[in-house]
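Asker: predicted model follows, preceded by the sequence.
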Amino acid sequence: MTDAPRNYSDLHEHIAALEQRGLLRRIDRPIDKDAEMHPLVRWQFVGGIDQAERKAFLFTNIVDGLGRKYDIPVVVGAIAANPEIYSVGMRAPLADIQAKWDHAIAHPVEPRLVNEAVCHEVVIEGDALKGEGHGLDRLPIPISTPGFDSAPTLTATNVITRDPDTGVQNMGTYRAALKSPDRLVVRMATRVGGAGGYQHYLKYQKRGEPMPCAIVLGCPPYVAFMGPQKLPLGVDEITVAGGLAGGPINIVRARTVDLTIPAESELVIEGLIDTEYLEPEAPFGESHGHVALEEFNMPMRVTAITHRRNPIIPSYISQVAPSESSVIKRVAYEPLFTAHLRNTLGIRGVKKVSLHEPLTGLLRVTVITLEKGTSRTEIWRALSGAASFKGDCGKICIAVNEDIDVDNADGLLWAMAYRMNPIEDVQMLPHRGQGHGPKREHDQEEDSTLLMDATMKGDMPPLALPKQEYMERAKAIWQELDLGPLRPQAPWFGYSLGDWLPQWDEAAKRAAQGRYLDNGKISEKQRRKGLKPETKFRPEKDGGNGKG
Ligand SMILES: Cc1cc2nc3c(=O)[nH]c(=O)nc-3n(C[C@H](O)[C@H](O)[C@H](O)COP(=O)(O)O)c2cc1C
């Protein structure tokens, strides 16, 4: 056991914190990990359950289709079933997460090397890794998309490799399909903006050597968050995890490969990745929402499995967004985009960047919220900045103003419908890679970029819903009459969009007080001859009462 000091939670402590906050469900009845586990958790993403109601699921009684029982529990959704769960792992309220990421990236902390670690309490090596029921085959790794996937697949991974030239380690969340008790196949994306580990692979391949690799399951949450985070190549993610923790992360040397691993991990699979042969892997339901079809990926021969005495194995629910995978990425990537546009490019009008989640899966549709009145050139700098920030993100970028609820696609269409003149406000740019999707880059087929300025180009009349005060007054009556629960959807009250006069405000107030006859007297005084119907009238400053 390590008793090295630390100021961060491990996965066990994180799960206890979730349970304390009512964010965990324990499932003690037998659950088939291959046919039932992921579909059960999936219901909270497709069952009309609010995001805030999602929980982590801890499965303590796991069986499989062959009737085998597993003694290691599995937790699904524990890192990011919803932003609240993520924020428990971040040990910060949601509103502070942007600042926490910004600070950690700017102030990385070197890890602390320790000699003993809980992740080495149980060590399985050599012949103990061979044969059915041993090695990987002992682990309750679920099938993510029953009916399509061909193998139990590790999803909640932090895959560690080392750059053989610089010695700097990389950590990425990559899936790995189980193939035999001591063999799995790892998939590292080869596209621009893809896996850092693939760049290491190319270097080992050139040297004619296998690549040492450690697949860590169940890192402390600060470390787990680093797996999917998109940091520049050459940044060792463990130092940024230290930045999140505000102190060093404890690491220990792996037993059979020359790598260091987080000391408080639940379970570690060490091995050597073949840089000569590839092996077919998948089908596997992917986070772009389609099934990744079979393709050649990297076989790894397992040299050791080590774990805590009482490990818990995490599994991410991914595939069609929203999912745990899209939440974990969204909460991490949005701050990067916002910081890039606001701080690096210095575009003051940028309020936030949102990555559209349901079905599109974050990487395709980027929404930039800009302050009303931001100049056209700055809006276009923001659009092109967001489109080019990451090689595989921002295919469709939409600029909107602050009143648009970016999570409501209806609101986006509303802005596009009324605030955008396509001939002036839409641009298409050539030369985009295929990105993360069902098409592969090596077919040489390019994609392109769509930029849309759906911000207001000037003042507009108010949104035609009753003002907030009237909606709230009516809400009280709704509740008094017990007419059922309300789930207000923005926009649920009308507000000014700039083109609105105090005289109209006064007239509306009178009308709502039943005094419309007063308004009729005022308008009567403004009668004119010789105008075409629908000619605009704007009352004068004196209130439009005919005296001005
Ligand atoms: C659940 C989940 C599964 C992922 N699977 C893969 C994968 O199989 N291969 C891959 O290259 N990236 C995958 N990603 C995305 C990478 O984790 C992400 O691109 C990350 O930036 C990679 O880290 P790196 O830049 O250090 O390589 C996955 C992300 C999540 C959240």
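Answerer: Good, I have the coordinates.
Asker: so what's the spatially closest residue to Gly22 that is not a sequence neighbour up against?
Answerer: Distances taken as Cβ to Cβ, 6 or more residues apart in numbering place Lys55 nearest to Gly22, at 8.0 Å, with adjacent residues excluded. C-betas here are computed from N, CA, C, even on glycine. By Cβ atoms under 8 Å, 6 or more residues apart in numbering, the contact set of Lys55 is 18, 22-25, 44, 77, 81, 85.
Asker: in the stretch 251-400 of the chain, which spans are strands?
Answerer: 260-262, 267-273, 279-281, 284-285, 291-292, 295-307, 313-315, 350-355, 365-370, 396-401 (DSSP state E, counting those that start in this stretch).
Asker: returning to what we had before: mind listing which of the contacts of Lys55 are in helices?
Answerer: 18, 44, 85 (DSSP state H).
Asker: and of those, the nearest to the ligand?
Answerer: Ile85 (14.1 Å; Cβ to the nearest ligand atom).
Asker: how many other residues sit next to the closest residue to the closest one other than its chain neighbours?
Answerer: Leaving aside its chain neighbours, Ile85 sits nearest to Leu23 (5.5 Å; criterion: Cβ to Cβ, 6+ apart). Neighbourhood size, Leu23 [other Cβ atoms under 10 Å]: 19.
Asker: ok, Leu23 - contacts?
Answerer: Counted by Cβ under 8 Å, 6+ apart, Leu23 has contacts 55-56, 81, 84-85, 88.
Asker: tell me the contacts of Asn61?
Answerer: Per Cβ under 8 Å, 6+ apart, neighbours of Asn61: 27-31, 69.
Asker: phi first, then psi, for the closest residue in space to Pro140 that isn't next to it in sequence.
Answerer: Leaving aside its sequence neighbours, Pro140 sits nearest to Tyr70 (Cβ to Cβ, 6+ apart; 3.7 Å). The phi and psi torsions at Tyr70 (degrees, to the nearest 10) take the values phi -120, psi 140.
Asker: burial count for Tyr70?
Answerer: 18.
Asker: then Pro212 would be within a strand, right?
Answerer: Yes. Assignment of Pro212 by DSSP: H, G, I helix; E, B strand; the rest coil places it within a strand.
Asker: okay, it and Gln169: tell me how far apart.
Answerer: Here the criterion is Cβ to Cβ, to the nearest Å. By it, Pro212 lies 10 Å from Gln169.
Asker: pull up the overlap in contacts between these two.
Answerer: Contacts common to Pro212 and Gln169, judged by Cβ under 8 Å, 6+ apart, are 161-162, 259.
Asker: relative to Asp274, which of these is nearest.
Answerer: When the shared contacts of Pro212 and Gln169 are compared for distance to Asp274 (Cβ to Cβ), Thr161 comes out closest, at 13.6 Å.
Asker: just to be sure, the closest one is in a strand?
Answerer: Yes. According to three-state DSSP, Thr161 belongs to a strand.
Asker: quick one: pLDDT of it?
Answerer: Predicted confidence (pLDDT) for Thr161: 98.
Asker: oh, and call the first residue 443 from now on, that's how I've got it
Answerer: Let's use 443 as the start, then, which means that last one is Thr603.
Asker: wouldn't it be in contact with Gln641 here?
Answerer: No. Using Cβ atoms under 8 Å, Thr603 is not in contact with Gln641, being 9.1 Å away.
Asker: re earlier: top of the shared contacts of Pro654 and Gln611 by number of neighbours, please.
Answerer: Thr603 (28 neighbours).
Asker: what residues are up against that one?
Answerer: By Cβ under 8 Å, 6+ apart, the neighbours of Thr603 are 611-612, 638-639, 642-643, 653-655, 701, 715.
Asker: cool, and Gln761?
Answerer: Contacts for Gln761 were tallied using Cβ under 8 Å, 6+ apart; they are 586-587, 727-729, 731, 767.
Asker: same check, this time on Arg467
Answerer: 497-500.
Asker: just the closest of the contacts of Leu465 to the ligand, please.
Answerer: Nearest to the ligand among the contacts of Leu465: Ala523, at 12.4 Å, using Cβ to the nearest ligand atom.
Asker: so who does the closest one touch?
Answerer: Applying Cβ under 8 Å, 6+ apart, the residues near Ala523 are 465, 483, 486, 496-498, 759, 766, 769.
Asker: thank you, goodbye.
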